[in-house]
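> next comes the sequence, and after it the predicted model I'd like to discuss.
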Amino acid sequence: MNLKLRMAAAALLAATFVGNYAFAAEPPAPAKKHAVAKKPAKPTVEDQINDLRKEFQGQIDGLKNDLAAKDAQLQQAQKAAADAQAAAAKAEVDATSQQQAATENAAAVSTLQNTVTDLKANAVSLATTVSDENQAIKKAVENPNVLHYKGINITPGGFMAAETVWRSHATGADIPTPFTAMPFSDADASHLSEFYGTGRQSRVSLMAEGKVDWGTIRGYVEADFLSSGTNSNNNQSNSYVMRQRVVWAQAALNNGWTFSGGQMWSLATETKKGFSTLSGDVASPLTIDPNYNAGFVWTRQYGFRATKAISKKFGFGVGLENPQVLTPAGTFNLNSGISYLWGIPGANGGNYNAGASTSNASCTTTGTTSGGTTTYSTTCIPSYLTTYGINPVPDVIVKAAFDPGWGHYEVIGIGRWFRDRIYSGATAATAYKYNDTEMGGGVGGSFRVPLLAKKLDVGMKGLYGTGMGRYGASTIADVTVRPDGKFSPLHSLSALGTLELHATPRLDIYANYGGDYIGKSIYINASGKKDGYGWNESNTGCSVEPLPTNSSTPAAPSNCSGVNRDVQEGTLGYWYDFYKGPKGRLRQGLQYSYAVREIWGDKTGTAPKGIENMFWTSFRYYLP
């Protein structure tokens, strides 16, 4: 605006300057006079200047008005630009919001799509789960694996068996083999083979198990029919009684301690893993013979044990088990005036077997003559079927078990005590009486490892010590008696090797070889003669077949008093499963065994043998 005013002022000054210049010049030529009307007077310079001023002022005012209008237009344009800029910013914000909203909408759509997909999958999974649960419920109702009773699980088990045995030499032993009673080659029973068929090894079992806050409590019972009562026979109904095999109670704590009590497999018996008390977890050889195989270390007896699982790979246990000394064996020529007491037959008022057999009694016949007539009388002392050792304390067994990831390994130790009461004197009044206790002990171990991609299991187990005969499958002898009446525990060794080939999922082939050995324990008595275990004067009668004592009782050869040195047995067999599945197992087995019983030779070295060739068959159905 100032520029325009300056320009107007400059123009006005220029006009004034031009007027003054024109006035100062030569005057114009006088006008010609006419005769016509008088001309108006010329405006003066001042009037002209005033007119110019007015004109310039009008122009200036016009310019001012134009400038004001332009300013107003500029302000309107600036306002319009500001409004446009604000609108653009708002539009940009709106666009950003819309973009963010679009992104969020896209994410929400994607999430919704994923949710729908998940819902579809969950629906399918839920339908499958419901179907599986319905099937499981239906199976549990129609084919339950366990029975539920007052918060505990009850699992029945066992099998039904049809089995046969054929032996080349008669023992009269049914399915179990009496290893120490296999007849010598010249015994009358050895000239007769035997065949027996039976279902007595059929087995029933029941497991009850309940969970509590601090662990698990269990009870287990297992029984078969391999026993005999006073009236049992196989004349018509084959009326044999039921036998207690395994019966125990157990508390398994959450901290790894387990306490078990009852009749169990001995802690000395190898298990397949850990310290299981179940029969199915015992690493017994795969035999049909209920006495298993010579060399197998085992008993089933009362015990109370505590075991601790340090980890999944290591544990240890200690147990107290029911003792029983086998009948002292050997030749006893006690010193003069010595007698002893070690056992007792079952009492009629108790629950031990009080039965006796007078056919094997020791009888003495005496005659009295009066008036030329002799009267004979016979006195018999019955030979009791069962004598129970009067034991001082239980057997003590400790064991450590290792499961390092390849195979199973065990180390065991056993302590035993043998006691008898000794009488030294000619009469009861003058005899010196006292109790003598001798200790026996043994150490052993076992291992069982898988080979050939778990197709072949290789096992070895053994036990060596004094007084360990009871723990060997042959049960040869624990002790002999010294001339002074004291017990002498016998050195023994039991060992067994096993091979188990899992040829197919249905076929198992097995081979075992083992033996039980009892060493000599010989003493010189007061007469200067040898006595004890492993000594006898003569076995010459072992080669002479005797006459039977009666038509139904075989006789042992006379002059054949050698005691057992060892029993060895080799076994080959198989088990084949016709069916193995949710309905149980149907299987068939065949086994052959070759067993040799050897005795200690006499002073000339004569030592006969008892040899058995045996075949077993088995057809079993196992509960699932």
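Yes, it's here.

> just checking, Ala161 touches Thr617?
No - the pair Ala161 / Thr617 is not scored as a contact, 10.4 Å apart, by Cβ atoms under 8 Å. C-betas here are computed from N, CA, C, even on glycine.

> okay, the two: which has more neighbours?
Neighbour comparison, Ala161 and Thr617: the larger count goes to Ala161, with 21 against 16 (by other Cβ atoms under 10 Å).

> put the alpha carbons of the helix or strand harbouring that one into CSV.
Counting by DSSP states H and E, the element that carries Ala161 is strand 152-167. Only the C-alpha atoms of strand 152-167 are listed here, as CSV (Å, rounded to 0.1, in the frame of the first residue of the first chain):
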residue,chain,number,x,y,z
ILE,A,152,-9.9,-99.1,44.9
ASN,A,153,-8.9,-100.9,41.7
ILE,A,154,-9.2,-104.7,41.7
THR,A,155,-7.4,-106.6,39.0
PRO,A,156,-8.1,-110.3,38.6
GLY,A,157,-5.5,-112.5,36.9
GLY,A,158,-4.1,-116.0,36.4
PHE,A,159,-4.4,-118.7,33.8
MET,A,160,-6.0,-122.1,33.2
ALA,A,161,-3.5,-124.8,32.2
ALA,A,162,-3.7,-128.3,30.7
GLU,A,163,-0.2,-129.8,31.0
THR,A,164,1.6,-133.2,30.7
VAL,A,165,4.9,-134.6,31.7
TRP,A,166,6.8,-137.7,30.6
ARG,A,167,9.9,-138.9,32.3
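
> any idea where the strands of the stretch 301-450 of the chain begin and end?
314-321, 338-341, 343-345, 356-370, 373-384, 387-389, 395-402, 408-424, 432-451 (DSSP state E, counting those that start in this stretch).

> phi, psi for Gly62 please.
Here is the backbone geometry of Gly62 (degrees, to the nearest 10): phi -60, psi -40.

> model confidence for it, exactly?
pLDDT, Gly62: 79.

> ranges for the strands of the stretch 451-600 of the chain?
Going by DSSP E, counting those that start in this stretch, the stretch 451-600 of the chain shows strands at 456-466, 479-481, 487-489, 491-502, 507-518, 521-524, 530-533, 564-581, 584-599.

> check which residues of the longest one are buried.
Yep, that's strand 564-581 we're talking about. Asn564, Arg565, Asp566, Val567, Gln568, Glu569, Gly570, Thr571, Gly573, Trp575, Asp577 (16 or more other Cβ atoms under 10 Å).

> and the residue positioned nearest the centre of the chain, what does it touch?
What sits nearest the mean C-alpha location of the chain, by Cα atoms, centre = their mean, is Lys273, with 6.2 Å. Contacts for Lys273 were tallied using Cβ atoms under 8 Å, 6 or more residues apart in numbering; they are Asp281, Ala401, Asp403, His408.

> okay, now Lys486: neighbour count?
Other residues close to Lys486 by other Cβ under 10 Å number 16.

> so it sits against Arg421, correct?
No - between Lys486 and Arg421 there is no contact under Cβ under 8 Å: 10.9 Å.

> test my guess that Ser339 contacts Gly485.
Yes - under the criterion of Cβ under 8 Å, Ser339 makes contact with Gly485 at 6.9 Å.

> give me the more crowded residue out of the two.
Gly485 (22 against 13).

> now the more buried one: how far from Phe418?
Going from Gly485 to Phe418 by Cβ to Cβ, to the nearest Å gives 12 Å.

> got it, and Ile509?
Taking Cβ to Cβ, one finds Ile509 at 42 Å from Phe418.

> which strand residues bridge the residue lying closest to Val318 once chain neighbours are set aside?
Excluding the flanking residues, the one nearest Val318 by Cβ to Cβ, 6 or more residues apart in numbering is Val398, at 4.9 Å. Beta-bridge pairing of Val398 under DSSP bridges involves Val318, Gly413.

> number the chain from 525, please
All right, first residue 525 from here; so that's Val922.

> now for Val922: which residues touch it?
Leu791, Phe840, Gly841, Val842, Gly843, Ile936, Gly937.

> make it 10 Å
Leu791, Ala792, Arg829, Phe840, Gly841, Val842, Gly843, Val935, Ile936, Gly937, Ile938, Gly939 (Cβ atoms under 10 Å, 6 or more residues apart in numbering).
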